[in-house]
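A.B. asks: with the sequence up front, the predicted model follows.
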Amino acid sequence: MAEEEKKDQEQSEEGESKPGKKKIIIIAGIALVAIGIAVGVTLFLMGGDDSEGAEAAAEEVVEAKVPAIYLDLQPAFLITFNEGGRQRYMQIHVSVSSRDEAAISAVEHHLPFIKSKINTLYSSQDFDVIQTPEGKSALRDQSLATINEVLEGEGEALVESVFFTNFVLQ
């Protein structure tokens, strides 16, 4: 008899728990659908129709994967200054970089003209100014502008950066 009461009690507990489980499953399903709809609407409203932005991002990714190409401008530039009645020297090893091989080829092709323009640029500098970090940075920017000016005049591709791989002042 005790066994029969136990079985009856278990059956009544199972009968009561099944409807409770069904309610929980239905509520969880509705909640998941609601969350999915909310996420979908948010993405739709935030994303908009930005096909140009997607194309630009794709181009940036493609450009980022292209490795930089470097070219050392040899020999080093050696400039003399007359500063306060003393002879001063500046020696700069210059390298350029670009992600476009055509730009590097253009620099190699126009190297004599570029060296001439850079020698003129470096000779016109104030020795006291180029000793400062700001002066060196400005000189690097002016070097980049001078090189790209030559290449633009010839309708060539441009270089991205100029690096001073060795910078000596005496």
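C.D. replies: Happy to help now that I have it.

A.B. asks: following the biggest strand by length in the chain, which helix or strand shows up next?
C.D. replies: The longest strand of the chain (DSSP state E) is strand 69-83. Sequence order places strand 86-98 as the next helix or strand after strand 69-83, per DSSP states H and E.

A.B. asks: what about Asn119, distance to Ala103?
C.D. replies: In this view, Asn119 and Ala103 are 21 Å apart by C-beta to C-beta, to the nearest Å. No exception for glycine: its C-beta is placed from N, CA and C like everyone else's.

A.B. asks: between these two, which one's more packed in?
C.D. replies: Ala103 (22 against 13; other C-beta atoms under 10 Å).

A.B. asks: what secondary structure does the more buried one sit in?
C.D. replies: Assigned with DSSP: H, G, I helix; E, B strand; the rest coil, Ala103 falls in the helix class.

A.B. asks: contact partners for it?
C.D. replies: Residues counted as contacts of Ala103 (C-beta atoms under 8 Å, 6 or more residues apart in numbering) are 151, 156-160.

A.B. asks: identify the farthest-apart pair in those residues.
C.D. replies: Largest separation among these by C-beta to C-beta: Glu156 and Glu160, giving 13.6 Å.

A.B. asks: more neighbours, those two?
C.D. replies: The neighbour comparison of Glu156 against Glu160 (other C-beta under 10 Å) goes to Glu156, with 18 against 14.

A.B. asks: pop out the phi and psi values for the more buried one.
C.D. replies: phi -100, psi 170 (degrees, to the nearest 10).

A.B. asks: name the element the nearest residue to it once chain neighbours are set aside belongs to?
C.D. replies: Sequence neighbours aside, Ala106 is the residue nearest to Glu156 in space, at 3.6 Å (criterion: C-beta to C-beta, 6 or more residues apart in numbering). Counting by DSSP H and E, the element that carries Ala106 is helix 101-109.
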